[in-house]
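Enquirer: Prediction below, plus the sequence it came from.
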Amino acid sequence: MSSTPDRFDSAAQHLGVDKDHLTAIGIVSLGWVSAEFDMQYALWTMLGLDQKVGELITNMIANVSRTELLRNAAMVHFQDADFLSEVDDICAFFNAIRVERNNLSHALPPEGDKTATLTKRHVTGKATGAVKSKIIQSDVEHCFEIFADMQTFRKCVAPMALNVKSALSHGNQPKTLMGHAVTSRHIIHMRSRLDFLRKRQSSP
(Lines give C-alpha, C1' and ligand atoms only; values in the text may rest on other atoms or scores of the structure.)
Protein backbone atom coordinates (compact mmCIF):
# COMPACT_ATOMS: atom_id res chain seq x y z
CA MET A 1 0.00 0.00 0.00
CA SER A 2 1.28 3.49 -0.85
CA SER A 3 2.22 5.78 2.03
CA THR A 4 0.04 8.81 2.76
CA PRO A 5 2.61 11.34 1.41
CA ASP A 6 2.87 9.32 -1.80
CA ARG A 7 -0.89 9.34 -2.21
CA PHE A 8 -1.02 13.11 -1.69
CA ASP A 9 1.71 13.60 -4.28
CA SER A 10 -0.10 11.32 -6.71
CA ALA A 11 -3.45 13.07 -6.22
CA ALA A 12 -1.91 16.53 -6.61
CA GLN A 13 -0.14 15.49 -9.79
CA HIS A 14 -3.31 13.94 -11.18
CA LEU A 15 -5.40 17.06 -10.39
CA GLY A 16 -2.83 19.53 -11.67
CA VAL A 17 -2.14 21.47 -8.48
CA ASP A 18 0.71 21.33 -6.01
CA LYS A 19 0.23 19.46 -2.75
CA ASP A 20 0.01 22.53 -0.51
CA HIS A 21 -2.65 24.06 -2.76
CA LEU A 22 -4.59 20.80 -2.75
CA THR A 23 -4.49 20.69 1.06
CA ALA A 24 -5.59 24.32 1.31
CA ILE A 25 -8.58 23.68 -0.98
CA GLY A 26 -9.56 20.81 1.32
CA ILE A 27 -9.39 23.14 4.33
CA VAL A 28 -11.72 25.58 2.57
CA SER A 29 -14.16 22.75 1.79
CA LEU A 30 -14.35 21.57 5.39
CA GLY A 31 -14.48 25.12 6.71
CA TRP A 32 -17.48 25.77 4.49
CA VAL A 33 -19.35 22.80 5.97
CA SER A 34 -18.87 24.32 9.44
CA ALA A 35 -20.00 27.76 8.26
CA GLU A 36 -23.10 26.24 6.63
CA PHE A 37 -24.00 24.48 9.88
CA ASP A 38 -23.68 27.68 11.87
CA MET A 39 -25.93 29.49 9.38
CA GLN A 40 -28.51 26.73 9.72
CA TYR A 41 -28.28 26.86 13.52
CA ALA A 42 -28.91 30.61 13.45
CA LEU A 43 -31.96 30.02 11.26
CA TRP A 44 -33.33 27.28 13.52
CA THR A 45 -32.90 29.61 16.50
CA MET A 46 -34.62 32.52 14.75
CA LEU A 47 -37.55 30.25 13.85
CA GLY A 48 -37.75 28.78 17.36
CA LEU A 49 -36.96 25.24 16.18
CA ASP A 50 -34.74 22.57 17.64
CA GLN A 51 -32.12 20.92 15.43
CA LYS A 52 -34.14 17.77 14.81
CA VAL A 53 -37.08 19.66 13.32
CA GLY A 54 -34.99 22.48 11.89
CA GLU A 55 -32.89 20.16 9.77
CA LEU A 56 -36.03 18.79 8.12
CA ILE A 57 -36.64 22.29 6.78
CA THR A 58 -33.19 23.71 6.10
CA ASN A 59 -31.89 20.57 4.38
CA MET A 60 -34.42 21.25 1.63
CA ILE A 61 -33.51 24.93 1.23
CA ALA A 62 -30.56 26.31 -0.73
CA ASN A 63 -28.09 28.64 0.99
CA VAL A 64 -29.37 31.84 -0.66
CA SER A 65 -32.91 31.02 0.45
CA ARG A 66 -31.65 30.29 3.97
CA THR A 67 -30.20 33.76 4.28
CA GLU A 68 -33.38 35.36 2.92
CA LEU A 69 -35.48 33.38 5.40
CA LEU A 70 -33.19 34.42 8.26
CA ARG A 71 -33.52 38.09 7.26
CA ASN A 72 -37.30 37.82 6.97
CA ALA A 73 -37.69 36.00 10.30
CA ALA A 74 -35.53 38.61 12.03
CA MET A 75 -37.76 41.41 10.72
CA VAL A 76 -40.88 39.58 11.90
CA HIS A 77 -39.55 39.08 15.44
CA PHE A 78 -37.54 42.24 16.07
CA GLN A 79 -37.57 45.96 15.37
CA ASP A 80 -34.13 47.13 16.53
CA ALA A 81 -32.54 48.72 13.46
CA ASP A 82 -28.95 48.13 14.59
CA PHE A 83 -29.61 44.44 15.21
CA LEU A 84 -31.39 44.00 11.87
CA SER A 85 -28.46 45.70 10.14
CA GLU A 86 -26.10 43.18 11.74
CA VAL A 87 -28.27 40.28 10.59
CA ASP A 88 -28.34 41.69 7.07
CA ASP A 89 -24.56 42.11 6.96
CA ILE A 90 -23.93 38.64 8.40
CA CYS A 91 -26.17 37.13 5.70
CA ALA A 92 -24.46 39.20 2.99
CA PHE A 93 -21.04 38.13 4.26
CA PHE A 94 -22.10 34.47 4.19
CA ASN A 95 -23.23 34.86 0.58
CA ALA A 96 -20.01 36.62 -0.40
CA ILE A 97 -17.98 33.77 1.12
CA ARG A 98 -20.22 31.31 -0.71
CA VAL A 99 -19.29 32.94 -4.03
CA GLU A 100 -15.57 32.74 -3.18
CA ARG A 101 -15.87 29.11 -2.14
CA ASN A 102 -17.91 28.18 -5.23
CA ASN A 103 -15.44 29.88 -7.56
CA LEU A 104 -12.63 27.90 -5.99
CA SER A 105 -14.45 24.57 -5.77
CA HIS A 106 -15.76 24.64 -9.35
CA ALA A 107 -12.56 25.78 -11.04
CA LEU A 108 -9.93 23.67 -12.75
CA PRO A 109 -6.24 24.34 -13.41
CA PRO A 110 -5.14 24.55 -17.05
CA GLU A 111 -3.82 21.28 -18.43
CA GLY A 112 -0.25 20.73 -17.30
CA ASP A 113 -0.04 24.10 -15.52
CA LYS A 114 0.56 24.05 -11.77
CA THR A 115 0.45 27.83 -11.34
CA ALA A 116 -2.02 29.74 -9.18
CA THR A 117 -4.43 30.23 -12.10
CA LEU A 118 -7.70 28.30 -12.08
CA THR A 119 -10.47 28.54 -14.67
CA LYS A 120 -14.17 28.35 -13.89
CA ARG A 121 -16.48 27.57 -16.82
CA HIS A 122 -20.26 27.80 -16.76
CA VAL A 123 -23.21 28.23 -19.10
CA THR A 124 -24.27 31.88 -19.37
CA GLY A 125 -28.00 31.24 -19.68
CA LYS A 126 -30.65 28.69 -20.48
CA ALA A 127 -30.66 27.38 -24.05
CA THR A 128 -28.14 29.97 -25.26
CA GLY A 129 -25.42 27.54 -26.23
CA ALA A 130 -22.88 29.95 -24.72
CA VAL A 131 -20.22 29.06 -22.17
CA LYS A 132 -18.42 31.72 -20.17
CA SER A 133 -14.98 31.27 -18.63
CA LYS A 134 -13.77 33.12 -15.57
CA ILE A 135 -10.15 33.16 -14.45
CA ILE A 136 -9.78 32.55 -10.72
CA GLN A 137 -6.47 33.69 -9.28
CA SER A 138 -6.02 31.23 -6.47
CA ASP A 139 -3.01 30.18 -4.46
CA VAL A 140 -2.50 28.84 -0.95
CA GLU A 141 -2.78 32.33 0.58
CA HIS A 142 -6.07 32.93 -1.22
CA CYS A 143 -7.45 29.68 0.19
CA PHE A 144 -6.48 30.66 3.72
CA GLU A 145 -7.99 34.10 3.14
CA ILE A 146 -11.32 32.41 2.37
CA PHE A 147 -10.94 30.16 5.41
CA ALA A 148 -10.21 33.18 7.63
CA ASP A 149 -13.40 34.83 6.35
CA MET A 150 -15.33 31.69 7.26
CA GLN A 151 -13.92 31.87 10.79
CA THR A 152 -14.87 35.55 11.04
CA PHE A 153 -18.40 34.68 9.92
CA ARG A 154 -18.65 32.01 12.60
CA LYS A 155 -17.43 34.46 15.27
CA CYS A 156 -20.33 36.76 14.30
CA VAL A 157 -23.19 34.38 13.59
CA ALA A 158 -22.77 32.20 16.70
CA PRO A 159 -23.12 35.01 19.29
CA MET A 160 -25.90 36.55 17.20
CA ALA A 161 -27.82 33.26 17.46
CA LEU A 162 -27.27 33.15 21.23
CA ASN A 163 -28.56 36.72 21.56
CA VAL A 164 -31.65 35.76 19.53
CA LYS A 165 -32.30 32.69 21.69
CA SER A 166 -32.11 34.79 24.86
CA ALA A 167 -34.32 37.54 23.41
CA LEU A 168 -37.01 35.13 22.27
CA SER A 169 -37.09 33.39 25.64
CA HIS A 170 -37.43 36.69 27.53
CA GLY A 171 -39.64 38.50 25.02
CA ASN A 172 -37.30 41.43 24.42
CA GLN A 173 -35.01 42.83 21.75
CA PRO A 174 -31.69 41.00 21.18
CA LYS A 175 -28.38 42.56 22.10
CA THR A 176 -26.32 43.83 19.20
CA LEU A 177 -22.82 42.53 18.55
CA MET A 178 -21.57 46.12 18.55
CA GLY A 179 -22.65 46.34 22.18
CA HIS A 180 -19.91 43.96 23.36
CA ALA A 181 -16.16 44.63 23.33
CA VAL A 182 -15.16 41.29 21.76
CA THR A 183 -17.97 40.78 19.26
CA SER A 184 -17.81 44.42 18.18
CA ARG A 185 -14.28 43.80 16.87
CA HIS A 186 -15.52 40.79 14.92
CA ILE A 187 -18.44 42.67 13.35
CA ILE A 188 -16.21 45.62 12.39
CA HIS A 189 -13.72 43.28 10.75
CA MET A 190 -16.53 41.36 9.04
CA ARG A 191 -17.98 44.55 7.56
CA SER A 192 -14.56 45.58 6.29
CA ARG A 193 -14.08 42.21 4.61
CA LEU A 194 -17.62 42.35 3.20
CA ASP A 195 -16.85 45.66 1.50
CA PHE A 196 -13.66 44.18 0.05
CA LEU A 197 -15.40 41.05 -1.28
CA ARG A 198 -18.24 43.06 -2.79
CA LYS A 199 -15.76 45.16 -4.73
CA ARG A 200 -13.80 42.12 -5.90
CA GLN A 201 -16.88 40.18 -6.94
CA SER A 202 -18.41 43.13 -8.80
CA SER A 203 -15.33 43.58 -10.97
CA PRO A 204 -15.47 41.92 -14.44
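Expert: Nice, thanks for sending it over.
Enquirer: what about the helices in the chain?
Expert: According to DSSP state H, the chain carries its helices in the segments 4-15, 19-47, 51-58, 63-77, 81-105, 140-170, 181-202.
Enquirer: Show the contacting residues for Q201.
Expert: Counting by CB atoms under 8 Å, 6 or more residues apart in numbering, Q201 makes contact with 96, 99-100. For the C-beta atoms, the positions are set from N, CA and C on the backbone; glycine is no exception.
Enquirer: any weak-confidence spans in the protein?
Expert: 1-5, 108, 110-129, 131-133, 204 (pLDDT under 70).
Enquirer: please redo it, this time with the cut-off set to 50
Expert: The model of the chain has pLDDT under 50 over residues 123.
Enquirer: Tell me how many other residues crowd the closest residue to D82 other than its chain neighbours.
Expert: The shortest distance from D82 to any residue other than its chain neighbours is 4.8 Å, reached at T176 (CB to CB, 6 or more residues apart in numbering). By the criterion of other CB atoms under 10 Å, T176 has 20 neighbours.
Enquirer: For G48, which non-adjacent residue is spatially closest?
Expert: Using CB to CB, 6+ apart and skipping the chain neighbours, the partner closest in space to G48 is L168 (6.2 Å).
Enquirer: ok, that neighbour touching W44?
Expert: No: counting by CB atoms under 8 Å, L168 does not reach W44; the two are 11.7 Å apart.
Enquirer: Look at the two and report which has more neighbours.
Expert: W44 (21 against 16).
Enquirer: so what's the nearest residue to P159 once chain neighbours are set aside up against?
Expert: The shortest distance from P159 to any non-neighbouring residue, by CB to CB, 6+ apart, is to T183 (5.1 Å). Counting by CB under 8 Å, 6+ apart, T183 makes contact with 155-156, 159, 177.
Enquirer: ok, and the most crowded of these?
Expert: That'd be L177 among the contacts of T183, by other CB under 10 Å, with 26 neighbours.
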